[in-house]
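Undergrad: below: sequence and its predicted model.
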Amino acid sequence: MNSHLSVAQSAMKNSGSYSSLEQLAAKASFSEKRPQKPLPILSRPIPKGKSEVSLSAFSFLFSEFIQYSLAKVNNITELEKRLSDCGYNIGVRMLELITYREKNYKRETKLINMLTFISYTVWRILFSKQADLLEKSTDQDDEYMISENQSLPITKFISTPREYSGLNCASFVAGIVEGILDAAEFGARVSAHSMPLEGQKQMKTVILIKFNPDVIARSNLTA
């Protein structure tokens, strides 16, 4: 008790008021830091560094999504559409994330440059490698193809019922590409196809991109 009085008397003597007592009391009560609640995930800052997810972890999550979707669809077409829609939402957000992280990123205004960006930069982010081939259709001026000579990693370890044996899980990647293109104002319809690789038994994956007429017209003007 005497020690508390001496502190109070000393404070009053130095300041001539009770303000010093209030300051001392405040310092004493908050001398220990209280633990802070973690911020909700959507309120946290976006990390600048790139992070990777193991193929096994992603395959497990992707497989569970497909199994869940099987109960919501009636045929392969509906399931592939569901995979594409999911990828589309990711693609829109992915372009925004890339523009935030890449210091030297500039908005692409030319069609070929945008496709090169997807087949190189986006592919390296998704699969740690650039696409095997980017080519233009010889039959249609509005069609381009991104090809992989092997099955995409995300299509591995996926099991489906026999009636869904023709499912092309690369529709998910096609949706990502379509989302990125739409977000960059290069409207297109994107689909995934499996085609025989010349001279080999294995199938290659082809991401077919068919641009809207206005995109092709704009590209011809800026060529």
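TA: Sure, I can see it.
Undergrad: helices of the chain, start to end?
TA: Using DSSP state H, the helices found in the chain span residues 2-15, 19-29, 55-70, 76-101, 111-117, 123-127, 171-183, 213-222.
Undergrad: of the ones you listed, flag the one that's most buried.
TA: Greatest average neighbour count among the helices of the chain goes to helix 171-183 (a mean of 24), per mean count of other CB atoms under 10 Å. C-beta: built from backbone N, CA, C; applies to glycine.
Undergrad: spatially central residue in the chain, please.
TA: Among the residues of the chain, Met94 comes closest to the average C-alpha position under CA atoms, centre = their mean, at 3.8 Å.
Undergrad: need the helices of the chain in a markdown table with mean pLDDT and distance to Asp139, can you?
TA: Output for these, formatted as a markdown table (pLDDT from 0 to 100; distance: least, CB to CB, whole Å):
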| stretch | mean pLDDT | distance to Asp139 |
| --- | --- | --- |
| helix 2-15 | 48 | 89 |
| helix 19-29 | 55 | 78 |
| helix 55-70 | 87 | 33 |
| helix 76-101 | 92 | 23 |
| helix 111-117 | 94 | 18 |
| helix 123-127 | 91 | 25 |
| helix 171-183 | 96 | 20 |
| helix 213-222 | 89 | 14 |
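Undergrad: out of those helices, which gets nearest to Met203?
TA: Across the helices of the chain, the minimum distance to Met203, taken as CB to CB, is reached by helix 171-183, at 14.8 Å.
Undergrad: and the contacts of the closest one?
TA: Residues outside helix 171-183 that contact it (CB atoms under 8 Å, 6 or more residues apart in numbering): 62, 80-81, 83-96, 114, 118, 122, 126, 146, 152, 154, 187-192, 207-209.
Undergrad: tell me how far it lies from the chain's centre.
TA: Relative to its parent chain, helix 171-183 has a centroid offset of 11 Å by CA atoms, centre = their mean, to the nearest Å.
Undergrad: okay, the angle between it and helix 55-70?
TA: 90 degrees (axes from the mean of the first three to the mean of the last three CA atoms, to 10 degrees).
Undergrad: buried residues, stretch 134-149. List them.
TA: 134, 142-148 (16 or more other CB atoms under 10 Å).
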